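Could you work out the structure for the sequence below:
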Amino acid sequence: MERTVSAADATLTAPGTGAPLLDGMPRQRTVLPPEDQAPAQATTAVVPDAAPAPAPRTVPRSWLLLPTPTGTPFTFGYAAVLVVTSLFAEHADPTLVHTLYQDSSTDVAHLVQSPVLVLVASALWIAGGMMSSYSLVFLIVLTSLERRIGGRRTAVVFLLGHVLATLATEVPIGLLVLAGHLPESSLHRLDYGISFGVAASVGALAGLLRPWLRWPVLIVFGGMLLQDLAEFADPLSDCGHLLSLAIGIATWPLVRRWRQTGPEALSASAA
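Residues are numbered from 1 along each chain as shown. The predicted model follows:
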């Protein structure tokens, strides 16, 4: 196809030199001398729309059930300690492990001598090791509870169940021994583990769940505890588990108020 050139284009020359413009190039803009330029008019710069920010990467909801160092520091740190003690109990000399269990036992004799020490020490072991069912319940329940009310408040709930249920099951034994209804050997029964604190945490967490999930959790977990009690293998501990669950349920007004104030409110008020 042959290109046609208009008469206006054919006579265009470069300003100042008179040289013809390059053939085949688009018409070039002529620069006028300063005295011939029109006054500049204010123009509004058009700013292109900013590119939309990339959508933040969200963590899959299933991973929120597991503790993290930043999101749930209390549960994560406590779980790390339990892993260490469980590995030690599995690989260390059995005689040494049994001695440590006895020294950490929250029986009546140890509670009278050094109550604070044994209450803390007994919560550093998992009865049955890492393969115990309470290990998985510990991770899921305490992680979920800490994400709702914060680490310090979760520790308070756990300790309430651990301490109160321990005292409620051991003090009657001491009284029965004093009354002569139980032998003195009952003062030295082996009692350690995290199960009381976990049961209380389950009860507290249920109060923060929606009703369609709250009642199935309580029915299933409570049914398991009642089944253990019916087997009558360790009735004292089984009664302590049910009592711990009740302690957790009794904290519903408290944990609901804590959730409304936010998990960081306690830390901010303490600072």
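
and the nearest residue to Pro235 once chain neighbours are set aside, what pLDDT?
Leaving aside its chain neighbours, Pro235 sits nearest to Leu229 (6.4 Å; criterion: C-beta to C-beta, 6 or more residues apart in numbering). All C-beta spots, glycine's among them, are computed from the backbone N, C-alpha and C. Leu229 is assigned 93 on the pLDDT scale.

give me every residue that touches Leu229.
The contact partners of Leu229, taken as C-beta atoms under 8 Å, 6 or more residues apart in numbering, are 235, 238-239, 242.

and the helix or strand hosting it, which residues are buried?
Here Leu229 sits within helix 211-231, counting by DSSP states H and E. Neighbour-count burial for helix 211-231 flags 218, 221-222, 225, 228-229 (criterion: 16 or more other C-beta atoms under 10 Å).

From those, pick the one nearest Trp125.
Trp125 lies nearest to Asp228 out of these, by C-beta to C-beta, at 19.1 Å.

That closest one contacts Cys239, correct?
No. Contact criterion C-beta atoms under 8 Å: Asp228 and Cys239 do not qualify, at 10.0 Å.

And the contacts of the helix or strand that Arg257 is a member of?
Using DSSP H and E, Arg257 sits within helix 252-261. Defining contact as C-beta under 8 Å, 6+ apart, one finds that helix 252-261 is touched by 145, 148-150, 153, 157, 204, 207-208, 265-266.

Kindly export that helix (C-alpha atoms) in CSV.
The C-alpha trace of helix 252-261 is given here as CSV (Å, rounded to 0.1, in the frame of the first residue of the first chain):
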residue,chain,number,x,y,z
TRP,A,252,-17.5,-19.5,82.7
PRO,A,253,-18.5,-16.0,84.0
LEU,A,254,-14.8,-15.2,84.5
VAL,A,255,-13.5,-16.5,81.2
ARG,A,256,-16.3,-14.8,79.2
ARG,A,257,-15.5,-11.5,80.8
TRP,A,258,-11.8,-12.1,80.0
ARG,A,259,-12.6,-12.8,76.3
GLN,A,260,-14.6,-9.5,76.1
THR,A,261,-11.7,-7.5,77.5
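
Okay, buried residues for it please.
254-255, 258-259.

Now for Leu175, how many residues are close by?
12 (other C-beta atoms under 10 Å).

quick one: secondary structure of it?
Following DSSP: H, G, I helix; E, B strand; the rest coil, Leu175 is assigned to helix.

sorry, back to before: what I need now is the buried residues of helix 252-261 written out in TSV, including pLDDT and distance to Ala200 for each item.
What follows is those, written out as TSV (pLDDT from 0 to 100; distance: C-beta to C-beta, whole Å):
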residue	pLDDT	distance to Ala200
Leu254	96	12
Val255	97	11
Trp258	94	15
Arg259	92	17
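
Need the max-distance pair from the residues you listed.
Applying C-beta to C-beta across the buried residues of helix 252-261, the maximum distance is between Leu254 and Arg259, 9.9 Å.

neighbouring contacts of stretch 73-83?
Taking C-beta under 8 Å, 6+ apart as the rule, stretch 73-83 contacts 67-69, 124-126, 130, 135, 138-139, 142-143, 146, 151-152, 154-155, 194.

Which of those residues fall in helices?
Judged by DSSP state H, helices contain the following of those: 135, 138-139, 142-143, 146, 151-152, 154-155.

Return a PyMOL selection command for the buried portion of these.
Buried residues among these (16+ other C-beta under 10 Å), as a PyMOL selection:
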select buried, resi 135+138+139+142+143+146+151+154+155
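
and which of the ones in helices among the contacts of stretch 73-83 is nearest Pro115?
Ala155 (18.3 Å).

Grab the nearest non-local neighbour of that closest one.
Nearest one to Ala155, counting by C-beta to C-beta, 6+ apart, is Phe74 at 5.6 Å.

secondary structure element for the one you found?
Applying DSSP H and E, one finds Phe74 within helix 73-91.

Now that helix: average pLDDT?
For helix 73-91, the per-residue pLDDT averages 96.

Which SSE is immediately downstream of the helix or strand containing Gln102?
Taking DSSP H and E as the definition, Gln102 sits inside helix 94-104. Proceeding N to C from helix 94-104, the next assigned helix or strand is helix 108-113, under DSSP H and E.

For that next one, buried residues please.
108-111.
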